[in-house]
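Undergrad: sequence first, predicted model second:
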Number of protein chains: 2
Amino acid sequence: MSQTRPGKRERLVAAAAEMVYRQGVAPTTLAHIAEAADVPLGNVYYYFKTKEDIVGAVVQARAEQLEATLAELEARHRTPKTRLKALVDMLADRADETALYGCPYGTLATELSKRPDGTNPLATHLMGLLINWAERQFQQLVRRDARDLAIDLVAAYEGAAVLASTLAQPDLMARHSRRLRAWIDAQPGRPTA
Amino acid sequence: MSQTRPGKRERLVAAAAEMVYRQGVAPTTLAHIAEAADVPLGNVYYYFKTKEDIVGAVVQARAEQLEATLAELEARHRTPKTRLKALVDMLADRADETALYGCPYGTLATELSKRPDGTNPLATHLMGLLINWAERQFQQLVRRDARDLAIDLVAAYEGAAVLASTLAQPDLMARHSRRLRAWIDAQPGRPTA
DNA sequence: GTCTATAAAACGATAGAC
DNA sequence: GTCTATCGTTTTATAGAC
């Protein structure tokens, strides 16, 4: 049996996700996706009825990837603060890519929320994953304003990503991650773990 | 003489700017722009050679509008802190639109910086206007880290705008603007004015 | 399930009359 | 300067052979 590489559907979604991240939804054509995934153009329609279906699959893939990442952070670190700092570190590790294409979730969600159709729930869901996870961490610090703190944290990261990509300055992410780490450390509240 | 409404070029740029803000660059077609500006499609090419030229004009228009706004803020308020707070208030006043379409500068700059061509300088210029203006205000507070403070301020706003539009929550802007006002007030440094 | 060929539509851009 | 008609391309999507 030959080396089994990922199925075509998976290859298509992976290629689409990467291209959507780098150039945005609209400029990404089915032909380019098919070529990058090494799948004939006509065959794409066996797996996805329309382009919008592919975009939906891309969003879902990003969401699942984010969920998996957050779950792993939660398993690997035992206190809310170390988890939150690990998240910040992880995002800062992608500084170079972020300076080129922005936050993979933020830029996608921003584009989705500009759509006329009701694709917006997808955007809300995507950012909700990140915010809700952070909120749970702050709740474990017994903070009553956990939701607001979570939103502050995610907003700070998204803002840094916007500026890093707009100004093409990767180091901006490093400076902001230090700031966020210090902010997390300075948070009052006793861990319940 | 009949009521003179704005020239066709101005109408085209204004219509393009609005549509680009609401749906993004790529999905905005020349036909839609022409229709919204009440100009026949073929006539568009008398004023702009290519679609990219229109996008360039849109960015320039946004930049000029922002420069005018900042200049007015500077004229109307006499201390750096009141100017910065007036900026924050101004941005917060657009909360409803921001929750629908994001920051007019941030979303445009984000889209531009994803382009393959070197359209990126336009994005840098646009965000640079805001950052440089804020930096000058912090410099007047005799802060040596004026640049970093300016970036922090703008990043906080952009992050809030991303979340407000993604989650479709206008009130998120109000909360963040209060936070930013308090942060500005708490800044040390004596005004030189 | 797979792939080629092609239809159908949308879009950027131009020609040329007025 | 203005506008209609239309070209040429790109892109989404389908038909139909294998």
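TA: Arrived safely, thanks for sending.
Undergrad: residues from chain A in reach of DNA strand D?
TA: With C-beta under 7 Å from any atom of the strand as the criterion, chain A meets DNA strand D at residues A:28, A:29, A:30, A:31, A:41, A:42, A:45, A:49, A:50, A:51, A:52. C-beta: built from backbone N, CA, C; applies to glycine.
Undergrad: and of those residues, the nearest to DNA strand C?
TA: Ranked by distance to DNA strand C (C-beta to the nearest atom of the strand), the residues of chain A next to DNA strand D are led by residue A:42 at 2.0 Å.
Undergrad: what separation do you get for the closest one and residue B:155?
TA: 45 Å (C-beta to C-beta, to the nearest Å).
Undergrad: neighbour count: those two, which is higher?
TA: When residue A:42 and residue B:155 are compared on other C-beta atoms under 10 Å in any protein chain shown, the one with more neighbours turns out to be residue B:155, at 25 against 8.
Undergrad: mind checking the SS state of that one?
TA: Classification of residue B:155 using DSSP: H, G, I helix; E, B strand; the rest coil returns helix.
Undergrad: who's in contact with it?
TA: Contact partners of residue B:155, counting by C-beta atoms under 8 Å, 6 or more residues apart in numbering or on different chains, are A:156, A:159, A:160, A:162, A:163, A:176.
Undergrad: against residue B:178, how distant is it?
TA: On the measure of C-beta to C-beta, residue B:155 and residue B:178 end up 17 Å apart.
Undergrad: just residue A:162 next, same as before
TA: Residue A:162 sits 21 Å away from residue B:178, going by C-beta to C-beta.
Undergrad: comparing those two, which residue is more hemmed in?
TA: More crowded of residue A:162 and residue B:178, by other C-beta under 10 Å: residue A:162, with 32 against 12.
Undergrad: look up the closest residue to that one, ignoring the ones flanking it.
TA: With C-beta to C-beta, 6 or more residues apart in numbering or on different chains as the criterion, residue A:162 has its nearest non-adjacent residue at 4.3 Å, and that residue is residue B:158.
Undergrad: secondary structure element for the one you found?
TA: Counting by DSSP states H and E, the element that carries residue B:158 is helix B:146-167.
Undergrad: residues of that helix that come out buried?
TA: Buried positions in helix B:146-167, judged by neighbour count with 16 or more other C-beta atoms under 10 Å in any protein chain shown: B:146, B:148-167.
Undergrad: tell me the mean pLDDT for it?
TA: The pLDDT scores in helix B:146-167 average 98.
Undergrad: among the residues of chain A next to DNA strand D, which are in reach of DNA strand C?
TA: A:41, A:42, A:45.
Undergrad: thought the first one was touching residue A:29?
TA: No - between residue A:41 and residue A:29 there is no contact under C-beta atoms under 8 Å: 9.6 Å.
Undergrad: select the longest helix from chain A.
TA: Longest helix in chain A by number of residues, with DSSP state H as the criterion: helix A:51-76.
Undergrad: tell me the helix or strand right after that one.
TA: Later in the chain than helix A:51-76, the nearest helix or strand by DSSP H and E is helix A:80-93.
Undergrad: thinking again about what came up before, how about the helix or strand that the helix holding residue B:158 is followed by: buried residues?
TA: Later in the chain than helix B:146-167, the nearest helix or strand by DSSP H and E is helix B:171-186. Under the neighbour-count criterion of 16+ other C-beta under 10 Å, helix B:171-186 has B:172, B:173, B:175, B:176, B:177, B:179, B:180, B:181, B:183, B:184 buried.
Undergrad: average pLDDT across helix B:171-186?
TA: Across helix B:171-186, the average pLDDT comes to 98.
Undergrad: quick one: residues contacting the residue in chain A positioned nearest to chain B.
TA: Of the residues in chain A, the one nearest chain B is residue A:159, at a distance of 2.8 Å by C-beta to the nearest C-beta. With contact taken as C-beta under 8 Å, 6+ apart, residue A:159 is in contact with B:154, B:155, B:156, B:157, B:158, B:159, B:160, B:162.
Undergrad: if we only consider those, which is nearest to DNA strand D?
TA: The shortest approach to DNA strand D among the contacts of residue A:159 belongs to residue B:162, at 25.5 Å (C-beta to the nearest atom of the strand).
Undergrad: thought residue A:56 was touching residue A:122?
TA: Yes - counting by C-beta under 8 Å, residue A:56 does reach residue A:122; the two are 7.0 Å apart.
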